[in-house]
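# how would this look folded up:
(one chain, ligands or ions: 1)
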Amino acid sequence: MRRRLCAGNWKMNGTAASLAEIETLTRTHPTPQVDLLLCPPATLLAQASALAVGYPLTIGAQDCHQAASGAHTGDISAPMIADTGASAVLLGHSERRENHHETSDLIAEKVTSAWVAGLTAVVCLGETLAQREAAQALEVIADQLDTSLPDGATGANTVIAYEPVWAIGTGHTPTDAQIAEVHDFLRRRLTDRLGGDTADAIRLLYGGSVKPANAAEIFAISNVDGALVGGASLKATEFAAIMEALENAS
Ligand code: PEP
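A predicted model of the protein is given here:
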């Protein structure tokens with residue numbers, strides 16, 4: 001049985017003062033019934049990891065370089081992330097794919113690097129609006145999944161986040177049927193590649209404008225094992241409300 005996962009991506013938001021949100025979360029919800037992951041900016045990883053000690057919250061980074069070390073000014077490697085106490089990393093977020101021209105081949109290298117460093121890779125994928133309107137969503141997602149995910153994925157080292165680009169930060173979400181179609185498709189494709197037991201252990205998150213108001217409906221959809229939450233993860237009260245909806249999902 002997959003444990004459900006509520007994940008938050010702070011993106012390029014947050015300074016030391018924002019760590020109070022983590023303290024609020026741990027104080028107000030001492031015994032969460034689902035797994036929690038928060039990905040603050042790299043500047044806060046060590047402090048966030050220290051705050052999470054003794055509380056069932058995983059801290060993750062938002063990207064890593066594919067190499068373990070070297071002449072890559074401004075980049076951060078997977079071993080460096082592990083060194084902060086963090087144990088996960090988002091890879092292939094659409095903002096990285098778009099703003100930094102990251103390809104699925106590059107993302108696969110990053111995933112391997114993350115695994116070698118002992119990090120769980122949260123591999124993000126999803127179609128643009130133009131691709132959905134051209135009825136290419138499943139084709140794009142299949143290619144992103146196949147190429148971004150190296151051999152060796154397990155339920156312990158990998159989470160997949162389906163994030164339609166047009167739903168991120170827009171307030172628009174796909175219909176329940178559209179989310180179900182993609183998540184069922186992802187599960188089948190993972191099963192074909194990895195076999196049923198391994199595929200069944202990999203959590204599939206939905207991401208894109210998840211809010212307290214729509215979380216329960218999304219969590220009732222087949223093969224949705226949780227959410228990757230952007231904007232609504234910045235405030236402990238909103239993130240906790242989404243977490244509670246996941247706890248109450250059947
Ligand atoms: C995200 O960036 O991963 C995301 C899902 O953002 P938002 O929840 O703000 O749409």
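# CA atoms for contacts and neighbours, from now on please.
Will do.
# Now the nearest residue to L190 once chain neighbours are set aside: which helix or strand?
In space, and not counting its chain neighbours, L190 is closest to A199: 5.2 Å by CA to CA, 6 or more residues apart in numbering. According to DSSP states H and E, A199 maps onto helix 196-201.
# so after that helix, what's the next helix or strand?
Criterion used, DSSP H and E; the element after helix 196-201 is strand 203-207.
# between the following helix or strand past that following strand and strand 203-207, how big is the angle?
As assigned by DSSP H and E, the chain's next helix or strand after strand 203-207 is helix 212-219. Interaxial angle, helix 212-219 versus strand 203-207 (axes from the mean of the first three to the mean of the last three CA atoms, to 10 degrees): 140 degrees.
# Does helix 212-219 reach the ligand?
No: shown here: helix 212-219 not in contact with the ligand (CA under 6 Å from any ligand atom), separated by at least 10.8 Å.
# for that helix, what is the average pLDDT?
The average pLDDT within helix 212-219 is 98.
# Would you mind extracting the C-alpha trace of it into CSV?
Provided in CSV are the C-alpha atoms of helix 212-219 (Å, rounded to 0.1, in the frame of the first residue of the first chain):
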residue,chain,number,x,y,z
PRO,A,212,-7.7,23.7,0.3
ALA,A,213,-10.9,24.2,-1.7
ASN,A,214,-10.3,21.6,-4.4
ALA,A,215,-7.9,19.2,-2.6
ALA,A,216,-10.6,16.7,-1.4
GLU,A,217,-12.0,16.3,-4.9
ILE,A,218,-8.6,15.8,-6.4
PHE,A,219,-7.5,13.3,-3.8
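# Residues of the protein that sit close to the ligand?
N9, A167, I168, G169, G207, G208, S209, V210, L228, V229, G230, G231.
# Next one: the nearest residue to A68 once chain neighbours are set aside from A42, what distance?
The shortest distance from A68 to any residue other than its chain neighbours is 5.3 Å, reached at S77 (CA to CA, 6+ apart). Relative to A42, S77 is positioned 11 Å away (CA to CA, to the nearest Å).
# Where do the helices of this structure begin and end?
Assigned by DSSP state H, the helices in the chain fall at 19-28, 45-52, 78-83, 94-99, 104-116, 129-133, 137-148, 176-194, 196-201, 212-219, 236-247.
# Next up, phi/psi of T175, please.
Here is the backbone geometry of T175 (degrees, to the nearest 10): phi -70, psi 160.
# thinking again about what came up before, need the helices of the chain in JSON lines (columns: mean neighbour count).
Output for these, formatted as JSON lines (neighbours: other CA atoms under 10 Å):
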{"stretch": "helix 19-28", "mean neighbour count": "16"}
{"stretch": "helix 45-52", "mean neighbour count": "19"}
{"stretch": "helix 78-83", "mean neighbour count": "21"}
{"stretch": "helix 94-99", "mean neighbour count": "14"}
{"stretch": "helix 104-116", "mean neighbour count": "22"}
{"stretch": "helix 129-133", "mean neighbour count": "14"}
{"stretch": "helix 137-148", "mean neighbour count": "18"}
{"stretch": "helix 176-194", "mean neighbour count": "16"}
{"stretch": "helix 196-201", "mean neighbour count": "16"}
{"stretch": "helix 212-219", "mean neighbour count": "18"}
{"stretch": "helix 236-247", "mean neighbour count": "21"}
